[in-house]
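Participant: next come a sequence and a model predicted from it.
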Amino acid sequence: MLRFVAARLALIPPMLLGVSLLVFTVLRLGPGDPALDYLRLSQVPPTDAALADARAMLGLDRSFAVQYLDWLWRALQGDFDLSYATRRPVLPELLGYLPATLELAGTALAVSLAVSFPLGAWAAGHRGGWQDRLVRGIAVLGVSLPNFWVAFLLVVAFSVTLGWLPPLGRGTALHLVMPALAIGLMSLSVNARLLRASMLEAGSGRHVLYARLRGLPERAVTRRHVFRNALVPVVTATGMHVGELLGGALVVETIFAWPGVGRYAVSAIFDRDYPVIQCFTLVMTVVFVLCNLAVDIAYAWLDPRIRLGEDAA
Amino acid sequence: MTPAGFSPRSRSVAVAGALAAGFALLALVGPFIVPHDPLAVDLAQRFEAPNLVHLLGTDHLGRDILSRLIAGARTTLGSVLVVLALVLALGVSVGGLAGMLGGRIDAALMRLCDVFLTVPTFVLALFMIGALGTGLVNVVAAIVLSHWAWYARIVRGLVLESKARDYVLAARIAGAPARAIFAEHVLPGIVPPLAALATLDIGHMALHVAGLSFLGLGVQPPTPEWGVMINDARAFFWTRPLLVVWPGLAIALAVLAFNRLGDALRDRLDPTLVAGRGL
């Protein structure tokens, strides 16, 4: 198990290095001129002299390799330059917004797991019945609805009509309900459908038959031999949803005036605030990579073949 | 009992197929069959409720909503089709090269894919728009650049799988050049699973296009596009929730239709996957 985790950890730095090179290169190759955008956001008229000054100040007159290595060296120390728009260091500013986004995406993940497990198991337990059809219907609909639209519908239903939930802002647990549900709906639907299918598959396995023959009570059979085995594909799928949940949070935040990185990033994209775009992409990638590491570890823990170290790769 | 060919399931697939075909047709001929000019502003007729002239009513500028929805099909679905074609072209080229050539080229191309796959898809799309600028063309480019690596990976896997088949081995022993083997023996085998995957992805990509437009980064107003229409309607959402409902319904129906069609294609073309998916 430790060897497995160490092998996974060792893969992370080279991947992040690759991403940093990609991000840096694409931004430099893009059609924009950072010096021009810098002057625009600083509200300085872009005269030739001002442009030359800005280029020198931003280090754009140096060779690409020098620029990248210098930027990387400072980035490794947590210095991602100043935002062109706010003139404040980017990383602390971004990290200030990050907890709200993580809270939202994390709650969405929790909602997805908490709802999809009983739903999937319920459907599998009533194969072919109305319960099964209902769950499958929800699953098919859930992956087709745009998350931002679901968010609006929820607001119409629970804030405008019923008045049960606050339509905007962050603070109490009630504020989390609608955005988390809107973001998590897709993952919830996929997981419920997947858990149903894999429980049916695991339930037809030989070890389940033997467990029943051994006289184990049905609940123990389901819990220990069916549900646990059925979780493996769901964990894999959930790992793939992490990116969608983060992306969903970025979109849905704008509807609920949620003070997360989404609005910060979108305004940086409009402004072409390069340091912010760069830092945002890298920080979200680090979050994503760490989430995937956690999923891999959960996966290894569920699968004894990996947990007991048969295969460290 | 229903006859095997007309189970409730295949009926629902037929409905989805018809709906998907309908949306495709709408994208094709939409601009010619709109009841009103989707761009015609008439401030005297703002916020009309659905009536016989404007079947779904009018928006905050008095534009006919039904016409904008019909014209929007081309923007939203058309851009998804362009994305899909480009992603498939890029994925098949890179994945095909990596799978056929192997060795260092394979390793280098796969590391490149790894880098793209390390960034969450939607974040990568946002980043690309940050680098390229907003607008429909850039949104298409951003979604292509954030999705191609998945396809390259999958194509490479399919190529490796079919390279191990006897008939491909026979062709290699016979001395056929790699390019001919790829075109004549490998490619035909990987088209069906790719087609199923691509159909399933239409919905996913439509959601991305609409999501980016909703954030204001994609298609710019006044161009009719479903995500833009939702964004336009936001300001009036408290008093006129129907304005948000219509375009969302259009997105949801289109995505639903293509998802069901993709599911059915996958079951049909890739029977190995059926076992893992339940009916």
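Facilitator: Structure received.
Participant: can you get me a residue count around residue B:32?
Facilitator: Neighbourhood size, residue B:32 [other C-beta atoms under 10 Å in any protein chain shown]: 8. The C-beta positions use only the backbone N, C-alpha and C, and glycine is treated the same way.
Participant: relative to chain A, how far out is it?
Facilitator: 27 Å (C-beta to the nearest C-beta, to the nearest Å).
Participant: average pLDDT for the helix or strand hosting that residue?
Facilitator: Here residue B:32 sits within helix B:8-33, counting by DSSP states H and E. Averaging pLDDT along helix B:8-33 yields 81.
Participant: and the lengthiest helix in chain B, how far from the chain's centre?
Facilitator: Secondary structure of chain B per DSSP state H: the longest helix is helix B:65-101. In terms of C-alpha atoms, centre = their mean, to the nearest Å, the centre of helix B:65-101 is found 6 Å from the chain centre.
Participant: now stretch B:254-262
Facilitator: 10 Å.
Participant: what's the answer for stretch B:49-59, then?
Facilitator: 30 Å.
Participant: buried stuff in that stretch?
Facilitator: By 16 or more other C-beta atoms under 10 Å in any protein chain shown, the buried positions in stretch B:49-59 come out as B:54, B:56, B:57, B:58, B:59.
Participant: now do the last one against chain A, distance only.
Facilitator: Applying C-beta to the nearest C-beta, the value for residue B:59 to chain A is 15 Å.
Participant: that older thread, quick one, the helix holding residue B:32 and helix B:65-101 angle?
Facilitator: Per axes from the mean of the first three to the mean of the last three C-alpha atoms, to 10 degrees, the angle that helix B:8-33 makes with helix B:65-101 is 120 degrees.
Participant: from the contact counts, what lies against helix B:8-33?
Facilitator: Helix B:8-33 is packed against helix B:65-101, helix B:242-269, with contacts defined by 3 or more C-beta pairs under 8 Å, 6 or more residues apart in numbering or on different chains; DSSP states H and E.
Participant: and those helices, which one's lowest on average pLDDT?
Facilitator: helix B:242-269 (a mean of 86).
Participant: that helix near chain A at all?
Facilitator: Yes - where contact is defined by C-beta under 8 Å from any C-beta of the partner chain, part of helix B:242-269 touches chain A, namely B:244, B:245, B:248, B:251, B:252, B:255, B:256, B:259, B:260.
Participant: nearest to residue A:62 among these?
Facilitator: Using C-beta to C-beta, residue B:251 comes nearest to residue A:62 of the residues of helix B:242-269 next to chain A, at 46.4 Å.
Participant: count of neighbours near the closest one?
Facilitator: Based on other C-beta under 10 Å, the number of other residues close to residue B:251 is 28.
Participant: need the contact list for it.
Facilitator: Each residue near residue B:251 by C-beta atoms under 8 Å, 6 or more residues apart in numbering or on different chains is listed here: A:146, A:149, B:76, B:206, B:207, B:210, B:226, B:227.
Participant: the closest residue to chain B within chain A: which element?
Facilitator: Distances between chain A and chain B by C-beta to the nearest C-beta are smallest at residue A:247, namely 2.7 Å. Using DSSP H and E, residue A:247 sits within helix A:228-252.
Participant: what residues are up against residue B:225?
Facilitator: Residue B:225 sits next to B:72, B:75, B:76, B:136, B:209, B:210, B:213, B:218, B:219 when contact means C-beta under 8 Å, 6+ apart.
Participant: same thing but 6 Å
Facilitator: B:72, B:75, B:76, B:213, B:219 (C-beta atoms under 6 Å, 6 or more residues apart in numbering or on different chains).
Participant: what's the answer for residue B:230, then?
Facilitator: Counting by C-beta under 6 Å, 6+ apart, residue B:230 touches B:214, B:244, B:247.
Participant: any idea which of the residues you listed has the most stuff around it?
Facilitator: Comparing the contacts of residue B:230 by number of neighbours (other C-beta under 10 Å), residue B:247 comes first, having 30 neighbours.
Participant: quick revisit: what comes up buried for the helix holding residue B:32?
Facilitator: Across helix B:8-33, burial judged by 16+ other C-beta under 10 Å covers B:13, B:16, B:17, B:19, B:20, B:23, B:24, B:26, B:27, B:30.
Participant: how distant is that helix from the center of its chain?
Facilitator: On C-alpha atoms, centre = their mean, the centre of helix B:8-33 falls 15 Å from that of its chain.
Participant: and stretch A:63-72, by the same measure?
Facilitator: Centroid separation between stretch A:63-72 and its chain, computed with C-alpha atoms, centre = their mean, is 29 Å.
Participant: just to revisit the earlier point, which pair in the buried residues of helix B:8-33 has the greatest spatial separation?
Facilitator: By the measure C-beta to C-beta, B:13 and B:30 form the most distant pair in those, at 24.7 Å.
Participant: the host helix or strand of residue B:149 packs against which elements?
Facilitator: Element membership for residue B:149, per DSSP H and E: helix B:136-163. Applying 3 or more C-beta pairs under 6 Å, 6 or more residues apart in numbering or on different chains; DSSP states H and E, one finds that helix B:136-163 makes contact with helix B:65-101, helix B:103-118, helix B:121-132, helix B:187-214.
Participant: for residue 90, which residues are in contact?
Facilitator: No chain was given, so I picked chain A. Residue A:90 neighbours (C-beta under 6 Å, 6+ apart): A:80, A:83, A:275, A:276, A:279.
Participant: oops, I was thinking of chain B
Facilitator: Neighbouring residues of residue B:90 by C-beta under 6 Å, 6+ apart: residue B:148.
Participant: get me the contact residues on the stretch 51-200 of chain A for chain B.
Facilitator: Contact residues, the stretch 51-200 of chain A versus chain B (C-beta under 6 Å from any C-beta of the partner chain): A:144, A:145, A:146, A:148, A:149, A:152, A:156, A:196, A:197, A:200.
Participant: looking at those, state which has the most neighbours.
Facilitator: Within those, neighbour counts (other C-beta under 10 Å) peak at residue A:196, which reaches 28 neighbours.
Participant: go ahead and confirm that residue touches residue A:122.
Facilitator: No - the pair residue A:196 / residue A:122 is not scored as a contact, 8.5 Å apart, by C-beta atoms under 6 Å.
Participant: and residue B:171, how far is that from residue B:93?
Facilitator: Applying C-beta to C-beta, to the nearest Å, the value for residue B:171 to residue B:93 is 21 Å.
Participant: could you single out the most deeply buried of the helices and strands packed on helix B:136-163?
Facilitator: For these, average neighbour numbers computed from mean count of other C-beta atoms under 10 Å in any protein chain shown are highest in helix B:121-132, which has a mean of 26.
Participant: between that one and helix B:136-163, how big is the angle?
Facilitator: 130 degrees.
Participant: by contact count, what packs against helix B:121-132?
Facilitator: Applying 3+ C-beta pairs under 6 Å, 6+ apart, one finds that helix B:121-132 contacts helix A:274-302, helix B:136-163.
Participant: and these: which comes nearest residue A:220?
Facilitator: Counting by C-beta to C-beta, residue A:220 lies closest to helix A:274-302 out of the helices and strands packed on helix B:121-132; the figure is 18.0 Å.
Participant: how about the closest one: buried residues?
Facilitator: The neighbour-count check on helix A:274-302 (16+ other C-beta under 10 Å) flags A:274-285, A:287-289, A:291-293, A:295-300, A:302 as buried.
Participant: the helix or strand containing residue A:208: how far from the chain's middle?
Facilitator: Using DSSP H and E, residue A:208 sits in helix A:206-213. Distance of helix A:206-213 from the chain centroid (C-alpha atoms, centre = their mean) equals 38 Å.
Participant: rounded mean pLDDT for that helix, please.
Facilitator: pLDDT averaged over helix A:206-213 gives 83.
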